[in-house]
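Q: Here's my sequence, what's the structure:
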Amino acid sequence: MSSKSVLNDNSITFLEKYLNNASPTGFEAEGQKIWMEYLKPYVDTFITDTYGTAVGVINPDAPYKVVIEGHSDEISWYVNYITDNGLVYVIRNGGSDHMIAPSKRVNIHTKNGIVKGVFGWPAIHTRNRSKEEPAKLETIFIDLGCSTKEEVEKLGVHVGCVITYPDEFTVLNDNKFVCRAIDNRIGGFMIAEVARLLHENKKKLPFGLYITNSVQEEVGLRGAEMITKTIRPNAAIVTDVCHDTTTPMIDKRIEGDTIIGKGPVITYAPAVQNKLRELIIDTATTNEIPFQRLASSRVTGTDTDAFAYSNGGVASALISLPLRYMHTTVEMVHRDDVENVIRLIYETLLNMKNEDSYSYFS
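A: Now for the predicted structure:
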């Protein structure tokens, strides 16, 4: 299967719809519905749990279970405090970046629907330029065009409302996908495309495949932690994003050397099971899929950690998509990398053996 054959027009339409929809941590359900609707023709059944993780299952009766996984949530803000003159102060929901907030438009999600606002910021003329104050969590604020707290509350805005950015999907220079929330709804997209290809190419797997779109990764891998106890898988291949380290102000001596357009990134880390990782590398080499390597120290910081250390130990590996500008509204990935991550997961599944223990001692 060549990389040119991976994505079609329907794939891109789904990706755009899925990325544009808001799915903040703890409020992922609407995005999950979009994802499940797309996946429905390619799976036998679904599992969902109390907090909203969704799993499409192929061969649900098979005793040996393999997970392919991404996470569905995006970073956001919570309304934390409303001033008497109608300004809104926020706290993080996930790793939201205070530095990019000033002058950004926002959507505040209420029971009455979306309320529009902006992160205000003092004009350059009014700031002390000899002692420039950077944006801080305690200094950024949202203006809804209201002059009193009562006006804000009348709009349906209250402490605990979640706030997202409205920035939408675009393509730069023919092959760069740009949007907020590529971290990591692109993961959910890629595993859905794997399911589509298995179906369209009439591939029959000897094991159960659990296409898992977890919630609440951005606040501590919580959705994966919950669902792995439900599925009890034998092996898991997780996909998430990692940093393109070629843009300014990134130290490759610390962050490693990975770049968009050069292929999927395969991680070395204690949570990554060596034999499963080597199977993935062998698959990439055999199928001439370009790949890069990345080392993580104690943790991967992805759902790989949650799967690996669950249920007495689950053979787990991480295939990452290099991305620029993580946790901003202009996250950027290369289409070729997206297609090659899909190819690599697909081909690896075809190489995985039923009931493989991945034991170092067999």
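
Q: make it CA atoms for all contacts and neighbour counts henceforth
A: Will do.

Q: ranges for the helices of the stretch 201-350 of the chain?
A: 222-231, 252-255, 274-286, 303-308, 335-351 (DSSP state H, counting those that start in this stretch).

Q: which residues are contacting the fourth one?
A: Read it as helix 303-308. The contact list for helix 303-308, computed with Cα atoms under 8 Å, 6 or more residues apart in numbering, reads 70-71, 217, 221, 224-225, 228, 236-238, 271-272, 299, 313-318.

Q: Dump the C-alpha coordinates for that helix into PDB.
A: What follows is helix 303-308, C-alpha atoms only, in PDB (Å, rounded to 0.1, in the frame of the first residue of the first chain):
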ATOM      1  CA  ASP A 303      -1.300   7.400  27.300                       C
ATOM      2  CA  THR A 304       1.500   4.800  26.600                       C
ATOM      3  CA  ASP A 305       2.400   5.100  30.300                       C
ATOM      4  CA  ALA A 306      -1.200   4.300  31.400                       C
ATOM      5  CA  PHE A 307      -1.500   1.200  29.200                       C
ATOM      6  CA  ALA A 308       2.000  -0.100  29.900                       C
END
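
Q: shift numbering so it begins at 8
A: From this message on, residue numbering opens at 8, which makes the last subject helix 310-315.

Q: what mean pLDDT does that helix have?
A: In this model, helix 310-315 has an average pLDDT of 98.

Q: distance between it and the chain's centre?
A: 14 Å (Cα atoms, centre = their mean, to the nearest Å).

Q: any chance of the helices of the stretch 208-357 of the chain in JSON lines, with mean neighbour count too?
A: Below are these laid out as JSON lines (neighbours: other Cα atoms under 10 Å):
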{"stretch": "helix 229-238", "mean neighbour count": "20"}
{"stretch": "helix 259-262", "mean neighbour count": "11"}
{"stretch": "helix 281-293", "mean neighbour count": "18"}
{"stretch": "helix 310-315", "mean neighbour count": "27"}
{"stretch": "helix 342-358", "mean neighbour count": "22"}
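
Q: Identify whichever of the ones you listed lies nearest to residue 161.
A: Evaluated over the helices of the stretch 208-357 of the chain, closeness to residue 161 peaks at helix 229-238, with 34.0 Å, by Cα to Cα.

Q: What helices and strands are in contact with that closest one?
A: Counting contacts by 3 or more Cα pairs under 8 Å, 6 or more residues apart in numbering; DSSP states H and E, helix 229-238 is packed against strand 215-221, helix 310-315.

Q: Take those and write them to JSON lines, including distance to residue 205.
A: Converted to JSON lines, these look like this (distance: least, Cα to Cα, whole Å):
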{"stretch": "strand 215-221", "distance to residue 205": "11"}
{"stretch": "helix 310-315", "distance to residue 205": "23"}
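
Q: one step back: any chance of the helices of the stretch 208-357 of the chain in CSV, plus distance to residue 142?
A: Listed next are these as CSV, based on distance: least, Cα to Cα, whole Å:
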stretch, distance to residue 142
helix 229-238, 29
helix 259-262, 25
helix 281-293, 41
helix 310-315, 31
helix 342-358, 33
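
Q: List the residues that contact residue 201.
A: Contacts of residue 201 by Cα under 8 Å, 6+ apart are 349-350, 352-353.

Q: Residue 20 is in contact with residue 45, correct?
A: No. Using Cα atoms under 8 Å, residue 45 makes no contact with residue 20, being 10.6 Å away.

Q: picking that back up, from the contacts of residue 201, which is closest to residue 101?
A: residue 349 (26.6 Å).

Q: Would you check how far apart that closest one and residue 326 are?
A: 10 Å (Cα to Cα, to the nearest Å).

Q: And residue 37, by the same measure?
A: In terms of Cα to Cα, residue 37 sits 26 Å off from residue 326.

Q: same thing with residue 181?
A: 24 Å.

Q: Who has more neighbours out of those two?
A: Ranked by neighbour count (other Cα atoms under 10 Å), residue 181 and residue 326 place residue 326 first, with 27 against 9.

Q: in terms of contact, does that one touch residue 243 like I think?
A: No. Using Cα under 8 Å, residue 326 makes no contact with residue 243, being 10.8 Å away.

Q: which sections of the stretch 208-357 of the chain are below the confidence cut-off?
A: Judged against pLDDT under 70, the stretch 208-357 of the chain has no low-scoring part.

Q: Three-state assignment for residue 123, please.
A: Under DSSP: H, G, I helix; E, B strand; the rest coil, the three-state class of residue 123 is strand.

Q: List the beta-bridge partners for the closest residue to it other than its chain neighbours.
A: In this structure, residue 123 finds its nearest non-sequential neighbour in residue 114, 5.0 Å apart by Cα to Cα, 6 or more residues apart in numbering. Legend: beta-bridge partners of residue 114 under DSSP bridges are residue 123, residue 171.

Q: Now do the same contact list for residue 114.
A: Taking Cα under 8 Å, 6+ apart, one finds 121-124, 170-173 in contact with residue 114.
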